[in-house]
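Q: Below: sequence and its predicted model.
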Amino acid sequence: MISDPAQYMAIALFVTFVVSIFTGFPVAWLMGGLAVIFTAISVFSDTYLDTFFGVDWGYSSIVIERIYAVMNNWVLVALPMFVFMGIMMDKSGIAEDLMTDLAKLFGRVRGGLAITVVFIGVLLAASTGIIGAAVVLLAILGVPMMLKHNYDAALACGVVCATGTLGILIPPSIMLVLMADQIRVSVGDLFMGAMFPGLMLGFLYALFILVYAWLRPSVAPAPEDAEPVNFRLLLRVLKSTIPPTILIIAVLGSIFFGIATPTEASGVGALGATLLALSRGRLSFASFRDVLQGTMRTTSYIFALFVGATAFALVLRGFGGDELIEDGLMALPFGPDGVVIFILLIAFVLGFVLDWIEITLIMLPLLAPVLIGMDVDLVWFAILFAVTLQTSFITPPVGFALFYMKGVAPKGISTTTIYKGIIPFAIIQLIVVASIFLFPKLATWLPTVAYG
């Protein structure tokens, strides 16, 4: 029940934001602009209607200090470094070589090409973490190859869409860095907590492909002209796999074993990716400039959202929106577990219309105090939240990964084919979400063992 008239302004602000999303206007400027507009409405009401809602220009000016605190956060220095690492790894051409070599290695196995896509997707997730780029790259490399060997088009599209989104979860995920900052937990805890769920998804994808290909050989036949596995092929695969694996171990291992902070490890990753591209002869002035420009665009987008979300959250709190949210969630007759499920459902639905960055910056700062008050383990919740957002990326009809796939799919592949192919992988995602919910140690055991 609303006890403060100012909370009606909070509701109006939030509803206006939800409706305005569908205008297509950039969300960062939308949030910042609405914060200014509703502050002006509050000031107008105080001046001419003799009704004060608790927000004026003096209050809103606090946003400058809040934004400075965000920009002064050393944890967030890791963001541009990890983005740089991902784009540079993409430029290095390592994925193309791996696709060629692993396809020959697994070529005699039914579903072997699809398993190759899963393996490379996991590797890309641990080295790039950029969903759109991963889906597009895997689609360009993997789908034509699978179709050439008479794979079912739906299976080919489904495995690319599902595997390409693993970068949102598998460390060093930039989403986990943002989550750690928003709910004030250790980045290392979230990285470790995400390891089992991320690898579990990759394993279940591969297991499904093997079982499905065994039950229905026609959907993923073994190539008749597959190259025999020999020592030279194994050596070539090792040569392609070892450098990125060493880089990933150097980045994540230095964090897990306390040798470096996530910020320092991100610098190691950026340097390592640059040296890897250089050693492969793929680094030129033009490509280096492209990587820097790509890093700048992605980082600018993220920090613009920081500015808009900070202003929006400040004004929403000024109207008592945080108290309204807290009272509403606490009043739900479900208990802590029910509240968590309710929050995950909201995040899942928002994932159809908003990017994960926007959802993270809008929801988590408002929900963290409620979850702390209910004694919910924030590491467990953050991993659940991350896997849920990943699920929304691949769920028809408006999962973002499906649109990435459609944009680069070969001619003849319809949207219906993509939707059909992603359904079993979406079911696997939901199974993993349910497993983490029912068995929290899947997300909390490794951080507990490592850090106590």
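A: Cool, got the structure. Residues are numbered from 1 along each chain as shown.

Q: Can you name every helix or strand that the one helix or strand residue 327 maps to contacts?
A: Here residue 327, judged by DSSP states H and E, is contained in helix 321-331. On a contact count with 3 or more Cβ pairs under 8 Å, 6 or more residues apart in numbering; DSSP states H and E, helix 321-331 meets helix 6-21, helix 335-350, helix 356-373. C-betas here are computed from N, CA, C, even on glycine.

Q: Please save the CA atoms from that helix in PDB.
A: Extracted as PDB, the C-alpha positions of helix 321-331 are listed here (Å, rounded to 0.1, in the frame of the first residue of the first chain):
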ATOM      1  CA  GLY A 321      10.800   4.200  -5.100                       C
ATOM      2  CA  ASP A 322      13.300   2.000  -3.300                       C
ATOM      3  CA  GLU A 323      11.000   1.800  -0.300                       C
ATOM      4  CA  LEU A 324       8.100   1.000  -2.500                       C
ATOM      5  CA  ILE A 325      10.000  -1.800  -4.200                       C
ATOM      6  CA  GLU A 326      11.200  -3.200  -0.900                       C
ATOM      7  CA  ASP A 327       7.700  -3.000   0.700                       C
ATOM      8  CA  GLY A 328       6.200  -4.700  -2.400                       C
ATOM      9  CA  LEU A 329       8.700  -7.500  -2.400                       C
ATOM     10  CA  MET A 330       8.500  -8.100   1.300                       C
ATOM     11  CA  ALA A 331       4.700  -8.200   1.200                       C
END
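
Q: Report the distance from that helix to the chain centre.
A: Distance of helix 321-331 from the chain centroid (Cα atoms, centre = their mean, to the nearest Å) equals 27 Å.

Q: repeat for stretch 45-63
A: 37 Å.

Q: Show me which residues of that stretch are buried.
A: By neighbour count on 16 or more other Cβ atoms under 10 Å, the buried set for stretch 45-63 is 53, 54, 55, 56, 59, 60, 63.

Q: What separation is there between residue 379 and residue 258?
A: As judged by Cβ to Cβ, to the nearest Å, residue 379 and residue 258 stand 17 Å apart.

Q: These two: which is more packed in?
A: With neighbours defined as other Cβ atoms under 10 Å, residue 379 and residue 258 compare such that residue 379 has more, 24 against 10.

Q: OK, contacts around that one?
A: Going by Cβ atoms under 8 Å, 6 or more residues apart in numbering, residue 379 touches 185, 189, 190, 193, 443, 444, 447.

Q: I'd like to know which of these are part of helices.
A: The subset of the contacts of residue 379 located in helices under the criterion DSSP state H comprises 189, 190, 193, 443, 444, 447.

Q: longest single helix anywhere in the chain?
A: Longest helix of the chain, by residue count under DSSP H: helix 285-318.

Q: Name the helix or strand for residue 46, please.
A: Taking DSSP H and E as the criterion, the element that holds residue 46 is helix 27-48.

Q: In that helix, which residues are buried?
A: Those would be 27, 28, 30, 31, 32, 33, 34, 35, 38, 39, 42, 43, for helix 27-48 by 16+ other Cβ under 10 Å.

Q: which helices and strands does it pack with?
A: Identification of packing neighbours for helix 27-48 by 3+ Cβ pairs under 8 Å, 6+ apart yields helix 6-21, helix 57-60, helix 285-318.

Q: Perfect, that will be all.
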